[in-house]
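Chemist: what follows is a protein structure lacking sequence information:
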């Protein structure tokens, strides 16, 4: 070690009375890092400094004379950990909590001696922040220990805050209780904070994310969620079937409850009969009939008062048309129709004759040939419909309803038309020979027959119709189309034009 000259020492002794202490400063260092403790912050120019010394209340640490190397004087825990920076700052490696004290820098110049005390604080973020001792599940309305948030090895001790979906939880000693405790490591002096959260869950907490944070910036635990259990509060009975539900269909009853865990077994009340169904929430009734209509229930096995009801309505539509099939009546007879409808709801009836819609239900007080045909009724009830039909055949002796003559388009012949009604189909004959033009189809007891004649003299022509029940005949006068030698009178001209 180089010693100051006697004159310098003497000077120092003389100026010792000039020593004064500058007001202290404070710095914060990080645990385990190298800490730089500043000296005079430039208050004394480096060229004016004759001696620099660092010390603390436990003794000297190092000293440096001008133009000489640094001399480490520490013999305790600081030996090997201290050094001097070029700007006279004290470099302290591997900072720890025992370094939280005041370090003093003394500077000697030719005119002054000053001391610069620096108070040191060592901070350390928790080495980890995590939630442990997590509950397996939370029950609604029951305050349960949710978990423990642990902030390991910090200084100062961590202050833990609990969050639910990033919203702060505040203890109210009712639904929320938060208890914190701190343990200090006797070797390192670092603090471990434990915060226990007791929480009374609500149904909406399902899938909620719980986290904890400390005052150290950016330090957050991993989120945790919990299974929320609660008793059944609502139960619903569903009827699963096609619409409309008609006889012969299947219907499934499905019972749904909102508890967690949800019930898996139910009691189904089937119109006086009770069925216990385990590990399923459905019961199926096959091939239903109208007798299956009514009120159905389902309930919890362990709580029969928790029940749900539903009405099941099996739609049905039965019709009976009497008489049916093929009905043969004589012309003039009466036909009584009866349509019986047995339906679960109001129905509508419509009629057709030979696929042509009728305005109203047919009535047959005295049947006539034109009423022959196929009649069909359709009864509808919502989406359900039923049909029934009958074929009416009116029989009887034929009757000529019309016998007329018409002048041909070329004016050289006459067209005779004979219309008749009767059944079975009547045969048509004429009293003269002519050219047959047309015979209409026999529909609903009606037939039309046409012939063409070229009368050379005035004629009386008869049309005769007959079938197994009788005969009818009518005659018509047909004037000649040939002009006589004498000039015809007015009446004769009228006959020729007919």
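Modeler: On my side now, so go ahead. The structure displayed is predicted, hence computed values, not measured ones.
Chemist: can you get me the start-to-end distance on stretch 284-292?
Modeler: Using CA to CA, to the nearest Å, the gap from the first to the last residue of stretch 284-292 comes to 12 Å.
Chemist: tell me which residues of that stretch are tucked away?
Modeler: Buried residues in stretch 284-292, counting neighbours by 16 or more other CB atoms under 10 Å, are found at 285, 288, 292. All C-beta atoms are positioned from the backbone trio N, CA, C, and that covers glycine.
Chemist: got a list of what the last one touches?
Modeler: Residues in contact with residue 292 (CB atoms under 8 Å, 6 or more residues apart in numbering) are 251, 271, 285, 312, 314.
Chemist: can you give me the helices in the stretch 1-150 of the chain?
Modeler: Defined through DSSP state H, counting those that start in this stretch, the helices belonging to the stretch 1-150 of the chain, from first to last, are 6-15.
Chemist: where are the low-confidence patches of it?
Modeler: Applying pLDDT under 70 to the stretch 1-150 of the chain picks out residues 1-23, 42-43.
Chemist: ok now stretch 380-393, how far from the chain's centre?
Modeler: Taking CA atoms, centre = their mean, to the nearest Å, one finds stretch 380-393 lying 42 Å from the centre of the chain it belongs to.
Chemist: number the chain from 438, please
Modeler: Let's use 438 as the start, then, which means that last one is stretch 817-830.
Chemist: neighbouring contacts of that stretch?
Modeler: With contacts defined as CB under 8 Å, 6+ apart, stretch 817-830 is touched by 680-681, 683, 752, 754-758, 760-766, 772, 776, 780-785, 787, 801, 804, 808-816, 860.
Chemist: repeat for stretch 895-906
Modeler: 832-837, 840, 853, 855, 857, 859-869, 884, 886, 890, 908-917, 932.
Chemist: try 6 Å
Modeler: When contacts are defined by CB atoms under 6 Å, 6 or more residues apart in numbering, stretch 895-906 is touched by residues 833-835, 837, 840, 855, 857, 859, 861, 863-869, 909-917.
Chemist: just to revisit the earlier point, next step: the contacts of stretch 817-830 restricted to helices.
Modeler: The subset of those located in helices under the criterion DSSP state H is empty.
Chemist: now which of those would you call buried?
Modeler: Applying 16+ other CB under 10 Å to the contacts of stretch 817-830 flags 681, 683, 752, 754, 756, 758, 764, 766, 772, 780-781, 784, 801, 804, 808-810, 812-814, 816, 860 as buried.
Chemist: domain ranges for this structure?
Modeler: According to the domain assignment given by automatic domain parsing, the chain is divided into the following structural domains: 443-560, 565-666, 672-749, 754-831, 835-915.
Chemist: and residue 676, how far from residue 796?
Modeler: Distance from residue 676 to residue 796, counting by CB to CB, to the nearest Å: 40 Å.
Chemist: for these two, indicate the residue with more neighbours.
Modeler: Legend: neighbour count by other CB atoms under 10 Å for residue 676 and residue 796, higher for residue 676 (14 against 6).
Chemist: return the set of buried residues in the helix or strand hosting the more buried one.
Modeler: Secondary structure assigned from DSSP states H and E places residue 676 in strand 672-677. Within strand 672-677, the residues that count as buried by 16+ other CB under 10 Å are 672, 674.
Chemist: repeat that for stretch 847-866.
Modeler: For stretch 847-866, by 16+ other CB under 10 Å, it's 850-860, 863, 865.
Chemist: ok, now stretch 895-912?
Modeler: Neighbour-count burial for stretch 895-912 [16+ other CB under 10 Å]: 896, 898, 900, 901, 902, 903, 904, 909, 911.
Chemist: assumed the third one was part of a strand.
Modeler: Yes. Using DSSP: H, G, I helix; E, B strand; the rest coil, the secondary structure at residue 900 is a strand.
Chemist: all helices for the stretch 788-935 of the chain, in order.
Modeler: Going by DSSP H, counting those that start in this stretch, the stretch 788-935 of the chain shows helices at 927-933.
Chemist: ok so, going back, just the contacts of stretch 895-906: which are in strands?
Modeler: Where those overlap with strands, as defined by DSSP state E, the overlap consists of 833-835, 837, 840, 855, 857, 859, 864-867, 909-915.
Chemist: against residue 829, how distant is residue 770?
Modeler: Distance check for residue 770 against residue 829: by CB to CB, it reads 11 Å.
Chemist: repeat for residue 806
Modeler: Relative to residue 829, residue 806 is positioned 10 Å away (CB to CB).
Chemist: likewise residue 746?
Modeler: When distance is defined by CB to CB, residue 746 is 51 Å away from residue 829.
Chemist: of those two, give the one with the bigger neighbour count.
Modeler: Neighbours per residue (other CB under 10 Å) separate residue 746 from residue 829, with residue 829 holding more: 21 against 11.
Chemist: of the contacts of residue 729, grab the buried ones for ChimeraX.
Modeler: Of the contacts of residue 729, the buried ones go into a single ChimeraX selection, burial set by 16+ other CB under 10 Å:
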select :688,722,749,751
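Chemist: and the contacts of residue 729, which of them are in helices?
Modeler: Where those are compared with helices, as defined by DSSP H, there is no overlap at all.
Chemist: go through the contacts of residue 729 and name the one nearest residue 591.
Modeler: residue 688 (66.1 Å; CB to CB).
Chemist: the closest one touches residue 722, doesn't it?
Modeler: Yes. At 5.1 Å, residue 688 and residue 722 qualify as touching, with contact defined as CB atoms under 6 Å.
Chemist: hey, what's in contact with both of these two?
Modeler: What both residue 688 and residue 722 touch, as defined by CB under 6 Å, 6+ apart, is an empty set.
Chemist: run through the strands of the stretch 438-587 of the chain in chain order.
Modeler: Read by DSSP state E, counting those that start in this stretch, the stretch 438-587 of the chain holds these strands, from start to end of the chain: 457-458, 462-467, 472-474, 486-493, 496-502, 507-509, 519-521, 527-529, 539-546, 550-560, 565-569, 574-576, 581-591.
Chemist: so for residue 702, which of these sits nearest?
Modeler: Distances from residue 702 to each of those were compared by CB to CB, and the smallest falls on strand 574-576, at 20.7 Å.
Chemist: list the buried residues of the closest one.
Modeler: Neighbour-count burial for strand 574-576, with 16+ other CB under 10 Å as criterion, is recorded at 575, 576.
Chemist: remind me what that strand packs against, helices and strands.
Modeler: Using 3 or more CB pairs under 6 Å, 6 or more residues apart in numbering; DSSP states H and E as the contact test, the elements touching strand 574-576 are strand 664-666.
Chemist: thinking again about what came up before, residue 846 is nearest to which of the strands of the stretch 438-587 of the chain?
Modeler: Of all the strands of the stretch 438-587 of the chain, it is strand 574-576 that lies closest to residue 846, at 102.0 Å by CB to CB.
Chemist: neighbouring strands of the closest one in the sheet, and parallel or not?
Modeler: Partners of strand 574-576 in the sheet, by DSSP bridges, are strand 664-666 (parallel).
Chemist: how distant is the strand it pairs with from the center of its chain?
Modeler: Relative to the chain's own centre, strand 664-666 is displaced by 23 Å; criterion: CA atoms, centre = their mean.
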